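1. I would like to see how this sequence folds:
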Amino acid sequence: MRNATFALFALGLVGLAACQSSDVSREVGARCDRNSECDERCLLPSVDWPGGFCTISCDSDDDCPFDASCVQEDGGPVCAFHCLTDPGCNFLGQGYLCKERDRQGTTGKVSVCRGS
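-> Coordinates of the predicted model:
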């Protein structure tokens, strides 16, 4: 019985790992409900951030991971994953679309994954 319980536990861990995209982290991209679930900041669940979104503050793209851009959001600039089309945001889950936002630290706009 003990071996069966351990096997089910191990299988559960493998299943959890498979559901988590390697592109998200507590730094940028993980779902959250409060700041303590992230390295720095949680953008709370809303239509803009379905399921919540862990992020970090930034002054420019140089402060973000290589696959993210520094964009203006309410409450200050944050890192968000850049994208080309809506399917490029599917790894974050349902409700994320590719939307144009103002860049922080430079002029112009960039497309990033966020809600409607």
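
2. Tell me the helix or strand right after the lowest-mean-pLDDT helix or strand in the chain.
-> Of all helical and strand segments in the chain, the minimum by mean pLDDT, DSSP states H and E falls on helix 2-19, at a mean of 38. Per DSSP states H and E, the first helix or strand lying C-terminal to helix 2-19 is strand 41-43.

3. Tell me the helix or strand right after that next one.
-> Using DSSP H and E, the helix or strand that follows strand 41-43 in sequence is strand 53-55.

4. so what does whichever helix or strand comes after that following strand touch, helix or strand wise?
-> Under the assignment DSSP H and E, the closest C-terminal helix or strand after strand 53-55 is strand 68-71. The helices and strands touching strand 68-71, judged by 3 or more Cβ pairs under 8 Å, 6 or more residues apart in numbering; DSSP states H and E, are strand 78-81, strand 109-114. All C-beta atoms are positioned from the backbone trio N, CA, C, and that covers glycine.

5. Which parts of strand 68-71 count as buried, going by neighbours?
-> For strand 68-71, a neighbour-count test (16 or more other Cβ atoms under 10 Å) marks 68, 69, 70, 71 as buried.

6. Quick check: the residue nearest to the spatial centre of the chain vs residue 40, distance?
-> With distances taken as Cα atoms, centre = their mean, residue 29 lies nearest the centre of the chain, 1.7 Å away. Going from residue 29 to residue 40 by Cβ to Cβ, to the nearest Å gives 12 Å.

7. who does the residue nearest to the centre of the chain bridge with?
-> residue 25 (DSSP bridges).
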